[in-house]
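Engineer: here is the input, now give the coordinates:
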Amino acid sequence: MTGILVVGGGIAGPAAALSLHRAGFDVTVYEAHPDTGADIGAFLTLAGNGMRALAQFGAAEIVAEIGFPVTKMTVLDATGTALVDVPLGEDDDPLTHYRCLRRAELASALRREVRRREIPLRHSARLVGITEDAAGITAGFADGTSATGDLLVGADGLHSAVRSCLDPAAGPSYAGQRVFYGYTTRAKPLDDRDRITMIRGSGAAFGCLSSPAGETFWFARVPRPPSSAEHGRKTAARLRDELLPLLRPDATPAADIVAETGEDLMVTDALHLSPGIRWRSGRAILIGDAAHAASPATGQGASMALEDAVVLAKALRDSETQAAGLERYELHRRPRVEQNIEVSAQLTASRAAPTPSAVGNAALAHQNRRPPRANPALTALLDWHTPLPAHPVR
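Structural biologist: Numbering: from 1, shown residues only. Alright, predicted model coming up:
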């Protein structure tokens, strides 16, 4: 019998395994997909809270090495006028600077760290069901094998098989936007390689930034009906043709960047979960997108999942019983992550680019025009050596 079964080998699962391992638990990770390497994938920007969470289980440095820093944010309107210009990250710790990287790169780095610490990681283990009783919980896999432990952590993402077992009616729904992602080395790189530019365009919300190597990363959030099967087969050229008419009317760099993008272009539907779904049973708990997926407007999905990993490990470590630990975890996580779902949904509905209040600690910088400082309550929540506070942190 393994102590804790972690289902999901993306971002939340390996992060939970690393954090739980540090807390002294025996952990095994089960991932549905074979170890086939990373594809193009979408990119993400880890905010300061995500980097702070990584530091609690010793993974901030490895992520900082593969990502590039993002220390400033500018918000433009459709005329190219700057509405907001603020620093990002905390001024007291370089490791809390925002980092941009591909989602697949982050997941691969965390899995490598899992293996380095000799935490068992099994691929091609697709969950098909769970059973639990007073003695333990058993995960059944599609290949006919099974594993039994004291606790099962469902970290298997937006289309979670674990969530389907706990709350079959709680599936994701369409958030009202399609999200285009792309990469190009042909477009002129932005002048500041550590700045993310968010554009409140007339036809789309757009964001872009350039890596130190000169590769420009970009996304566009477009209000549209959900994709059809035919849409999913569109070529990069047809996706460009669909997006460019929405960007051309604006006096911003967005259209030129998209026009210079080759085959590294993709589109996905923005999906989210409704607040209030069931997160746990007696021996199972959901974390990350499996529990609280939000539309991508706030850019906090991965960072919130990393926070989950730390808070779950602390709650279990510091509680007298497993049941009490799971209850403490949900008490501290639900208000914060469901607030993120609501804010992200509001931004999605308005087609706006994130404002400083939506990206957290940049709000203080906007008001005072100085580098932002850490949120003391959030710092205490995530600090490995500080007991969980009495009240939840939003």
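
Engineer: and Asp194, how close does it get to Glu61?
Structural biologist: 18 Å (CB to CB, to the nearest Å). No exception for glycine: its C-beta is placed from N, CA and C like everyone else's.

Engineer: between those two, which one's more packed in?
Structural biologist: The neighbour comparison of Asp194 against Glu61 (other CB atoms under 10 Å) goes to Asp194, with 19 against 10.

Engineer: correct me, but Arg163 touches Leu286?
Structural biologist: Yes. Counting by CB atoms under 8 Å, Arg163 touches Leu286, with 5.7 Å between them.

Engineer: what about the helices in the chain?
Structural biologist: Along the chain, counting by DSSP state H, helices occupy 12-22, 48-56, 60-66, 103-116, 161-166, 236-247, 254-259, 289-292, 301-318, 322-350, 362-368, 376-382.

Engineer: who wins for proximity to His123 among those helices?
Structural biologist: Closest approach to His123 among the helices of the chain (CB to CB): helix 103-116, 9.4 Å.

Engineer: average pLDDT for the closest one, rounded please.
Structural biologist: Averaged over helix 103-116, pLDDT sits at 96.

Engineer: same question, stretch 315-323
Structural biologist: Mean predicted confidence for stretch 315-323 is 96.

Engineer: can you tell me what sits against it?
Structural biologist: 20, 23-25, 150-151, 282-283, 325-326, 328-329, 332, 387-388 (CB atoms under 8 Å, 6 or more residues apart in numbering).

Engineer: now those residues: which count as buried?
Structural biologist: Among the contacts of stretch 315-323, those classed as buried by 16 or more other CB atoms under 10 Å are Leu20, Ala23, Phe25, Asp150, Leu151, Arg283, Gly325, Leu326, Arg328, Tyr329, His332, Leu388.

Engineer: for the second one, grab phi and psi.
Structural biologist: By that I understand Ala23. In terms of degrees, to the nearest 10, the main-chain angles of Ala23 are phi -80, psi 0.

Engineer: against Thr148, how distant is it?
Structural biologist: 21 Å.

Engineer: go on, Ala107?
Structural biologist: Relative to Thr148, and taking CB to CB, Ala107 is found at 26 Å.

Engineer: the two: who's more crowded?
Structural biologist: Ala107 (22 against 15).

Engineer: tell me how far the more buried one lies from Ala270.
Structural biologist: 20 Å.

Engineer: quick one: mean pLDDT for stretch 46-65?
Structural biologist: pLDDT averaged over stretch 46-65 gives 96.

Engineer: what do you get for stretch 71-87?
Structural biologist: Mean predicted confidence for stretch 71-87 is 94.

Engineer: okay, now that stretch: how far is its last residue from its first?
Structural biologist: Counting by CA to CA, to the nearest Å, you get 6 Å between the two ends of stretch 71-87.

Engineer: run the chain-centre distance for that stretch.
Structural biologist: 23 Å (CA atoms, centre = their mean, to the nearest Å).

Engineer: would you mark the buried spots in that stretch?
Structural biologist: Buried residues in stretch 71-87 (16+ other CB under 10 Å): Thr71, Lys72, Met73, Thr74, Val75, Leu76, Asp77, Ala78, Val84, Val86, Pro87.

Engineer: many thanks, have a good one.
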